[in-house]
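1. show me how the following folds:
(one chain, ligands or ions: 1)
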Amino acid sequence: QVCTQVPYRCYSTPGVGQVQVDMNSETGVATVRLNRPPVNSLNLDVLTELGIALEKLDADRTCRAMVLASAVPGIFSAGLDILEMYQSTPERCVAFWRALQDAWLGLYGSRLVTMAAIEGHSPAGGCLLAMSCDYRVMADGKFQIGLNETRLGIVAPFWFEDVMLNTIGHRETEKALQLGAMYSAQQALSIGLVDKVVPLAEVMPTVQGELKNWLQIPDAARVITKTSMRKQVLDRLRSQKEKDAQFFADFIGRDSVQRSLGAYIASLQKRKS
Ligand SMILES: CC/C=C\CC/C=C/CC(=O)SCCNC(=O)CCNC(=O)[C@H](O)C(C)(C)COP(=O)(O)OP(=O)(O)OC[C@H]1O[C@@H](n2cnc3c(N)ncnc32)[C@H](O)[C@@H]1OP(=O)(O)O
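-> Purely as a prediction, here's the structure:
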């Protein structure tokens, strides 16, 4: 296994962690794989693990870049675990939301070059994670990506919206968010939601190739530029984290929202039968 070979370092126990981190000390590139079958839905534990992994990588001065990927075939991430939002308690909702905020602040604000290798479906929170990277390569074919929150009867928070605005611009974001639009890889490419579309087997090699370009740039200059581009959006959440978490818990607790989520869960189950 890759984790046991020099010069790789592994921050998680192979086969155990829901967020697996392989650090290649020779290249300075870490690969972070979400590993929560069947669909890498993001629950409190995964988000906490992801936040910690990102923090450790940021503090590791040998690390210059991070590839975000999935260990589950066919899925990048199904987004937030809907069961964290359905029939939960206000306390759990707040803890869950804080973990999401922290993981996102770590990713969007990372000093590393960050690239998403999207080798499967990437709705909602999955799309947020991908958009928060510096570069996205997506597999061509049946997979879809987008912020579909309105379809669940919920609303993408202002910071999801901000990230999408920074990625695809105002007009496309307005349409995408109201419709809860899900895009094929080719459609996503046409609106700039992803940067490159290649056959599934070529996603990782393409990411590695693109990384070479980014790593030619001196880190300090690139990081100052990245920070300057992202600071406003990061600060907007940083300045109101608690208010945002409370708003989420109150919103999710509404009867009408719970009914919508219940119906959405039933529709997911019905699709299978
Ligand atoms: C003020 C702010 C307020 C609110 C903001 C909240 C923000 C939320 C952002 C989000 O991320 S909400 C989550 C949105 N995610 C989705 O809508 C994805 C739904 N899932 C799918 O469309 C499909 O599962 C898939 C395309 C990702 C994969 O399809 P497939 O490979 O065919 O798998 P299954 O559909 O059979 O799913 C297997 C299994 O997993 C369950 N599941 C799927 N997604 C989720 C999820 N996000 N959370 C929890 N569980 C999920 C699904 O129900 C199946 O469960 P079984 O028990 O029936 O096996």
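2. name whatever forms a beta bridge with Tyr135.
-> Assessed by DSSP bridges, Tyr135 has beta-bridge partners Met115.
3. for it, give its distance to Thr167.
-> Separation of Tyr135 from Thr167 (C-beta to C-beta, to the nearest Å) stands at 11 Å. The way it works is simple: take the backbone N, C-alpha and C, and place the C-beta from them, glycine included.
4. try Leu54
-> In terms of C-beta to C-beta, Leu54 sits 19 Å off from Thr167.
5. between these two, who's got more neighbours?
-> Set Leu54 next to Thr167 and count neighbours by other C-beta atoms under 10 Å: Leu54 wins out with 27 against 20.
6. and the more buried one, what element?
-> Under the criterion of DSSP states H and E, Leu54 resides in helix 44-59.
7. can you check Arg33 too?
-> Following DSSP H and E, one finds Arg33 within strand 29-34.
8. helices and strands around that strand, which ones?
-> On a contact count with 3 or more C-beta pairs under 8 Å, 6 or more residues apart in numbering; DSSP states H and E, strand 29-34 meets strand 19-24, helix 44-59, strand 65-70, helix 203-215.
9. can you add mean pLDDT and give the ones you listed back as a markdown table?
-> Shown next, in a markdown table, are those (pLDDT from 0 to 100):
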| stretch | mean pLDDT |
| --- | --- |
| strand 19-24 | 97 |
| helix 44-59 | 98 |
| strand 65-70 | 98 |
| helix 203-215 | 98 |
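10. and Gln246, which of the ones you listed is closest to it?
-> helix 44-59 (16.8 Å; C-beta to C-beta).
11. still on that earlier bit, and the strand holding Arg33 with strand 19-24, angle?
-> Interaxial angle, strand 29-34 versus strand 19-24 (axes from the mean of the first three to the mean of the last three C-alpha atoms, to 10 degrees): 170 degrees.
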